[in-house]
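# Kindly return the folded structure for what I paste below:
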Amino acid sequence: MNRKKIYALFAIAVMLVSSCAAYAEGVKLGLLAPARETLEGKVREDINRMLVWSLRKTEHGFDDTTRRFYDNLATMLMALNAGEIDEFNLPQTIAEYVVGVNPEFTITCAERVTGASIAFGFRAEDGEALQKKFNDALSGMKADGTLDALILKYCGNPGHDKLDSVRLEKLPDAETVRVAVTGDMPPVDFVAADGEPAGFNTAILSEIGRRAGINIEPVYVETAARTAALMSGRVSVVFWYQFLKGAESQADAPEGVIFSEPYYNWNVFLHVGLKK
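Sure, this is the predicted structure:
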């Protein structure tokens with residue numbers, strides 16, 4: 001990419017962040033709860049500040065925004081309709097889906113987030129072998145183009161609201177691995193109309209199971225309860241998001257959790273509000 005294109009993209013990002021920040025002063029903003037469900041509010045705010053691009057934080061009064069945390073997407077959508085919040089913040093793929101299937105919602109602005117990705121989490125004390133199986137499968141999917149094809153299918157069409165359930169194969173005599181999923185973040189991770197798991201993340205898990213020779217059993221866990229489900233042994237793997245690979249401080253990575261290689265990046269977050 002030449003310098004002119006780089007400067008043009010940077011200018012667009014600055015405009016997005018600037019317009020978002022100017023609108024957001026004094027706004028009640030909804031956010032999905034961070035992974036550490038027991039955190040005090042002040043620490044939660046510090047986590048959110050770390051996620052937001054520094055230009056907005058330092059120059060545009062982001063601290064004037066009141067943040068309210070929700071354990072799942074459904075309650076956050078209800079809060080917007082009830083007037084408890086003025087808008088909410090979600091990764092671009094999910095926000096575009098929500099707006100695509102809810103005609104009363106609209107995207108109000110966008111912001112850049114540094115290094116935000118999704119990955120799988122494992123217990124550090126006993127999860128290294130499983131981590132390797134997942135990484136090997138993900139590496140193979142990247143190498144043969146399977147991962148790019150799944151990203152295009154599930155994350156490249158924001159308005160689709162009818163995604164078929166994904167078949168999770170059952171291999172005879174194979175190990176069964178329980179994986180915590182939210183079922184609450186379409187089109188990445190959700191439940192189809194027939195009650196079966198669906199979406200991008202389930203398709204990824206299905207492919208990992210086939211390549212690693214394991215049976216995947218999804219266990220639905222609310223966003224804020226993922227850490228507890230993993231550490232208690234209820235599940236062996238959790239679907240993780242807002243995993244900040246390479247960040248100086250990974251505030252959304254509790255102690256005792258190790259991660260797979262990230263398999264999808266979402267560096268743009270969108271604010272969604274009701275149409276005027």
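
# can you pull out the strands in this protein?
For the chain, the strands defined by DSSP state E cover 28-32, 66-70, 87-91, 105-112, 116-123, 176-181, 184-185, 189-191, 197-198, 215-220, 237-244, 257-259, 264-265, 268-274.

# Same list (the ones you listed) but as CSV, adding mean pLDDT.
Shown next, in CSV, are those (pLDDT from 0 to 100):
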stretch, mean pLDDT
strand 28-32, 87
strand 66-70, 85
strand 87-91, 90
strand 105-112, 88
strand 116-123, 89
strand 176-181, 95
strand 184-185, 84
strand 189-191, 84
strand 197-198, 87
strand 215-220, 94
strand 237-244, 77
strand 257-259, 88
strand 264-265, 88
strand 268-274, 90
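
# Next, format those as TSV and append distance to residue 204 and mean neighbour count.
C-betas here are computed from N, CA, C, even on glycine. Below are the strands of the chain laid out as TSV (distance: least, C-beta to C-beta, whole Å; neighbours: other C-beta atoms under 10 Å):
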stretch	distance to residue 204	mean neighbour count
strand 28-32	20	21
strand 66-70	25	17
strand 87-91	16	24
strand 105-112	25	19
strand 116-123	9	23
strand 176-181	10	20
strand 184-185	13	23
strand 189-191	10	22
strand 197-198	11	23
strand 215-220	10	18
strand 237-244	9	24
strand 257-259	14	20
strand 264-265	8	18
strand 268-274	21	21
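
# what's the closest of the ones you listed to residue 144?
Closest of the strands of the chain to residue 144 is strand 264-265, at 16.8 Å (criterion: C-beta to C-beta).

# packing partners for that closest one?
strand 116-123 (3 or more C-beta pairs under 8 Å, 6 or more residues apart in numbering; DSSP states H and E).
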